[in-house]
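Undergrad: need a 3D model of the following:
(2 chains)
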Amino acid sequence: SQKIEQNSEALNIQEGKTATLTCNYTNYSPAYLQWYRQDPGRGPVFLLLIRENEKEKRKERLKVTFDTTLKQSLFHITASQPADSATYLCAAGNFNKFYFGSGTKLNVKP
Amino acid sequence: GAGVSQSPRYKVAKRGQDVALRCDPISGHVSLFWYQQALGQGPEFLTYFQNEAQLDKSGLPSDRFFAERPEGSVSTLKIQRTQQEDSAVYLCASSHKGLAETQYFGPGTRLLVL
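TA: Numbers count the residues shown, from 1 in each chain, chains lettered A, B, ... in the order given. Take a look at the predicted model:
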């Protein structure tokens, strides 16, 4: 069955550094990937979408890549801030199915 | 502007009780999604509507789960004869058109079955 895998261990980094989160998918060929941020007790909030024909997308301090050969997406937050601390969810979809990974918790320490 | 709202925010049910969870999507959004999120996990897809048509219900765990969106706006997720394993956060999301677009999530309903 299809799997969207994210590192279940929390990522701890120092303020100002770049955070890099990984999303791998297996038994699936998504047409696009999305990244969401989720804070405790809240619903996910959309951050970025990247389609299979795009290699890279940027938005302010955020950057996402999509490598269909490696079946992987990388999500980068540059110049990280304590306010970036949250769980980040990867989601993969095509025209009729949509699957979330279990998320990676990011802790940015001042 | 108003986002997606869900009610109730919290629900405690005794095992065997029926519950109904409501979702008010963003006005004008064609698509509506229901997800189930267990603690420490990502949202799991349950079902998907485009207007009033339920296009996919493959994620509903059993026939005790039923969702409707009769007028293509508000949606209700009903769980009959609740069981302890139904305890989770139920998230609703809407999008302007379809799947390959930004989904706007509500705050979720936290269901606890005792």
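
Undergrad: which phi and psi does B:Ala84 have?
TA: In this structure residue B:84 is Gln, not Ala. Backbone torsions of B:Gln84, given as degrees, to the nearest 10, read phi -60, psi -30.

Undergrad: that one and chain A: what is the separation?
TA: In this view, B:Gln84 and chain A are 21 Å apart by Cβ to the nearest Cβ, to the nearest Å. Where C-beta positions appear, they are placed from N, C-alpha and C, glycine not excepted.

Undergrad: okay, that residue: pLDDT?
TA: Note on B:Gln84: pLDDT of 97.

Undergrad: give the contact list for B:Gln84.
TA: By Cβ atoms under 8 Å, 6 or more residues apart in numbering or on different chains, the residues touching B:Gln84 are B:Arg15, B:Val113, B:Leu114.

Undergrad: pLDDT value on the residue of chain B found nearest chain A, please?
TA: The minimum distance from chain B to chain A, using Cβ to the nearest Cβ, falls at B:Phe105 (3.1 Å). Note on B:Phe105: pLDDT of 96.

Undergrad: quick one: B:Glu85 is in a strand?
TA: No - checked against DSSP: H, G, I helix; E, B strand; the rest coil, B:Glu85 lies outside a strand; its state is helix.

Undergrad: what about it, how many neighbours?
TA: For B:Glu85, the count of nearby residues is 10 (other Cβ atoms under 10 Å in any protein chain shown).

Undergrad: circling back: contacts only, for the residue nearest to the residue of chain B closest to chain A when sequence neighbours are not counted.
TA: Setting aside the residues directly before and after it, B:Phe105 is nearest to A:Gly43 in space (Cβ to Cβ, 6 or more residues apart in numbering or on different chains), at 3.1 Å. Neighbouring residues of A:Gly43 by Cβ under 8 Å, 6+ apart: B:Val4, B:Leu91, B:Ala93, B:Phe105, B:Gly106, B:Pro107, B:Gly108.
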